[in-house]
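1. Here's a sequence, model it:
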Amino acid sequence: MKKFAALSLAAALTFSVASAFAAPKAACCATEAGKAECAQIYAKLNLTPEQKAKLDPLQARCEKDGCTEDSMKKYFREAKKVLSAEQFAQLKAECSGMEKKATKAGS
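-> Alright, predicted model coming up:
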């Protein structure tokens with residue numbers, strides 16, 4: 001559990017650093033609060049260690065690319081191959097909810 005918490009914290013920090021230099025944001029990376037929420041989404045998905053190991057590089061690549069709409073599409077396309085149908089639906093729903101919150105906050 002401590003490892004997972006440390007990895008979640010590292011993911012949140014990575015979101016913060018990567019997004020500071022990024023292009024226009026999309027979905028999960030839309031706001032500072034969204035970055036922290038994204039790290040929490042992994043916890044809600046009940047990922048196996050194998051799934052987490054496969055998703056971490058995908059998330060890192062998305063962050064490196066600036067969490068743009070295109071990078072998020074690539075992330076979701078690859079994540080769909082790793083997650084169960086239920087987990088993927090939950091991921092999409094969580095990120096969609098975050099995007100709606102960010103849109104309301106930006107209005």
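
2. where do the helices sit along the protein?
-> Per DSSP state H, the chain carries helices over the ranges 2-20, 32-44, 49-64, 69-82, 85-106.

3. rank those helices by pLDDT, which is bottom?
-> Lowest mean pLDDT within the helices of the chain: helix 2-20, a mean of 49.

4. neighbours of residue 85, just the number please.
-> 8 (other C-beta atoms under 10 Å). In this view, the C-beta of every residue, glycine as well, is placed from N, C-alpha and C.

5. Kindly report the same for the one 10 residues further on.
-> Residue 95 has 22 neighbours, counted by other C-beta under 10 Å.

6. for residue 43, same thing?
-> 11.

7. got it, and residue 53?
-> Neighbour count for residue 53, taken as other C-beta under 10 Å: 11.

8. Likewise for residue 80?
-> If we define neighbours as other C-beta under 10 Å, then residue 80 has 15 of them.

9. Any figure for the gap between it and residue 58?
-> 11 Å (C-beta to C-beta, to the nearest Å).

10. contacting residues around the residue nearest to residue 47 when sequence neighbours are not counted?
-> Nearest residue to residue 47, sequence neighbours excluded (C-beta to C-beta, 6 or more residues apart in numbering): residue 55, at 6.9 Å. Residue 55 is in contact with 42, 47, 79, 82, 83, counting by C-beta atoms under 8 Å, 6 or more residues apart in numbering.

11. Residue 66 and residue 74, how far apart?
-> From residue 66 to residue 74 the distance is 12 Å (C-beta to C-beta).

12. higher neighbour count, these two?
-> Set residue 66 next to residue 74 and count neighbours by other C-beta under 10 Å: residue 66 wins out with 19 against 14.

13. how far away is the more buried one from residue 51?
-> From residue 66 to residue 51 the distance is 24 Å (C-beta to C-beta).

14. Next: residue 60.
-> 15 Å.

15. Then residue 77?
-> To residue 51, residue 77 is 16 Å away according to C-beta to C-beta.

16. More neighbours: these two, which one.
-> In terms of neighbours (other C-beta under 10 Å), residue 51 is the more surrounded of residue 77 and residue 51; the figures are 17 against 10.

17. What's the local residue count around the nearest residue to the more buried one once chain neighbours are set aside?
-> Nearest non-adjacent residue to residue 51, counting by C-beta to C-beta, 6+ apart: residue 82, 5.4 Å away. By the criterion of other C-beta under 10 Å, residue 82 has 17 neighbours.
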